[in-house]
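Participant: only the shape, not the letters, is given here:
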């Protein structure tokens, strides 16, 4: 019994542990999108109070010994029009020694959608060699326990060189940081959070809670999101009669699916509903390679009646 209690205590401590050996980027763009991408050698970094963002307001990354109150309080102060430097000073002044730690254990980066950034790395956090932070405009990068300053430099370059949605730029920066050496202790979880003025499905909130290749897996999850968007476009394009473009969108969707069987099933249904039996069979073959049981369920649908008698398809039933 004592051994069991010891194991449970260890697991609980691991889940509640601070985000040591962490690197992140916080940024906003001119459209008012704000977000954070972060990776750490700990569990579930997306759910322990590290990344915070609010559209048209700003973004905050609170790490090392995370003080989760920094996120909500920081965004509230930024929403009132306070400058990033003023917000950071107030957060540190009112820290309250959360969870028995002090500002010496804090590392924080924040940006305002109005412009400007601020960073802080406490004395204890600085001892997690290598540790540092730097900001420019509406971008702040910070990390501790890193391979060296080249990690943050690579993140800055990648963010500046990448175009398109803020989520894609943040993710590119995180991947560049990992490629430059990332954390000396390795990686275990990663998260990508972006809040947009439109909100709802336009926001991004992706998390890898436990994976030794967390950053790469986060990239795959983002690709799967893009895959879903591409197949929605394909459905709309086919409805408009733009078949060639719809086929191209389907190809894009499947290329980004990373084995997501639902995508193949959806593609087969789309093709079949528009009388493309040969194409539907091709997509069903892809689904069968991933999930043979689902193919049997699909073929039981009235939609696939025209495929009855097909020797290849009959073998899948």
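Facilitator: Cool, got the structure. Quantities reported herein were computed from a predicted structural model and do not represent experimental measurements.

Participant: output the below-cut-off pLDDT ranges for the stretch 151-300 of the chain.
Facilitator: Residues of the stretch 151-300 of the chain meeting the criterion pLDDT under 70: none.

Participant: so where do the strands sit in it?
Facilitator: For the stretch 151-300 of the chain, the strands defined by DSSP state E, counting those that start in this stretch cover 189-195, 204-208.

Participant: compare those strands and give me the one nearest residue 47.
Facilitator: Nearest to residue 47 among those is strand 204-208 (6.7 Å), distances taken as C-beta to C-beta. C-beta: built from backbone N, CA, C; applies to glycine.

Participant: what strands flank that closest one, and is each parallel or antiparallel?
Facilitator: Sheet pairing of strand 204-208 (DSSP bridges) gives strand 189-195 (antiparallel).

Participant: identify the residues contacting the partner strand?
Facilitator: Here strand 189-195 makes contact (C-beta atoms under 8 Å, 6 or more residues apart in numbering) with 33-40, 42-47, 50-55, 165-167, 170-171, 174, 203-211, 214-215, 217-218, 222.

Participant: swap in 6 Å and give it another go.
Facilitator: With C-beta atoms under 6 Å, 6 or more residues apart in numbering as the test, strand 189-195 has contacts from 33-40, 43-46, 51, 53-55, 166-167, 171, 203-209, 214-215, 218.

Participant: next one: stretch 75-89
Facilitator: Contacts of stretch 75-89 (C-beta under 6 Å, 6+ apart): 54, 57-58, 74, 110, 112, 116-118, 120.

Participant: so what's residue 189 closest to, chain neighbours aside?
Facilitator: Closest residue in space to residue 189, ignoring its immediate chain neighbours: residue 45 at 4.5 Å, by C-beta to C-beta, 6 or more residues apart in numbering.

Participant: got it, and residue 287?
Facilitator: Nearest non-adjacent residue to residue 287, counting by C-beta to C-beta, 6+ apart: residue 264, 3.9 Å away.

Participant: I figured the one you found hits residue 284, correct?
Facilitator: No: under the criterion of C-beta atoms under 6 Å, residue 264 makes no contact with residue 284, lying 7.6 Å away.

Participant: state the distance from the most centrally placed residue in the chain to residue 316.
Facilitator: Central residue of the chain (C-alpha atoms, centre = their mean): residue 192, 2.7 Å from the mean position. Separation of residue 192 from residue 316 (C-beta to C-beta, to the nearest Å): 37 Å.

Participant: then residue 284?
Facilitator: Separation of residue 284 from residue 316 (C-beta to C-beta): 7 Å.

Participant: same deal with residue 113?
Facilitator: Distance from residue 113 to residue 316, counting by C-beta to C-beta: 52 Å.

Participant: between those two, who's got more neighbours?
Facilitator: Between residue 113 and residue 316, counted using other C-beta atoms under 10 Å, the more crowded position is residue 113 (24 against 17).

Participant: which ones are touching the more buried one?
Facilitator: Shown in contact with residue 113 (C-beta under 6 Å, 6+ apart): 28, 32, 34, 56-58.

Participant: Throw the residues you listed into JSON lines and include secondary structure, thanks.
Facilitator: Below are these laid out as JSON lines (DSSP: H, G, I helix; E, B strand; the rest coil):
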{"residue": "28", "secondary structure": "strand"}
{"residue": "32", "secondary structure": "coil"}
{"residue": "34", "secondary structure": "strand"}
{"residue": "56", "secondary structure": "coil"}
{"residue": "57", "secondary structure": "coil"}
{"residue": "58", "secondary structure": "strand"}
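
Participant: list just the nearest of those residues to residue 160.
Facilitator: When these are compared for distance to residue 160 (C-beta to C-beta), residue 28 wins out at 14.5 Å.

Participant: next, count neighbours for the closest one.
Facilitator: Residue 28 has 30 neighbouring residues, counting by other C-beta under 10 Å.

Participant: so how far is residue 159 from it?
Facilitator: Residue 28 is 12 Å from residue 159, where distance means C-beta to C-beta.

Participant: same check, this time on residue 42
Facilitator: Counting by C-beta to C-beta, the gap between residue 42 and residue 159 amounts to 24 Å.

Participant: same thing with residue 184?
Facilitator: For residue 184, the distance to residue 159 - C-beta to C-beta - is 22 Å.

Participant: and what of residue 79?
Facilitator: Plainly put, residue 79 is 24 Å away from residue 159 if you go by C-beta to C-beta.

Participant: neighbour count for those two, which is higher?
Facilitator: More neighbours surround residue 159 than the other of residue 79 and residue 159, with 23 against 14 (other C-beta under 10 Å).

Participant: find the nearest non-adjacent residue to the more buried one, please.
Facilitator: In space, residue 159 comes closest to residue 173 once its chain neighbours are excluded; the distance is 4.1 Å by C-beta to C-beta, 6+ apart.

Participant: count of residues packed around that neighbour?
Facilitator: 27.

Participant: please apply the same query to the one 5 residues further on.
Facilitator: Counted with other C-beta under 10 Å, the burial measure for residue 178 works out to 24 neighbours.
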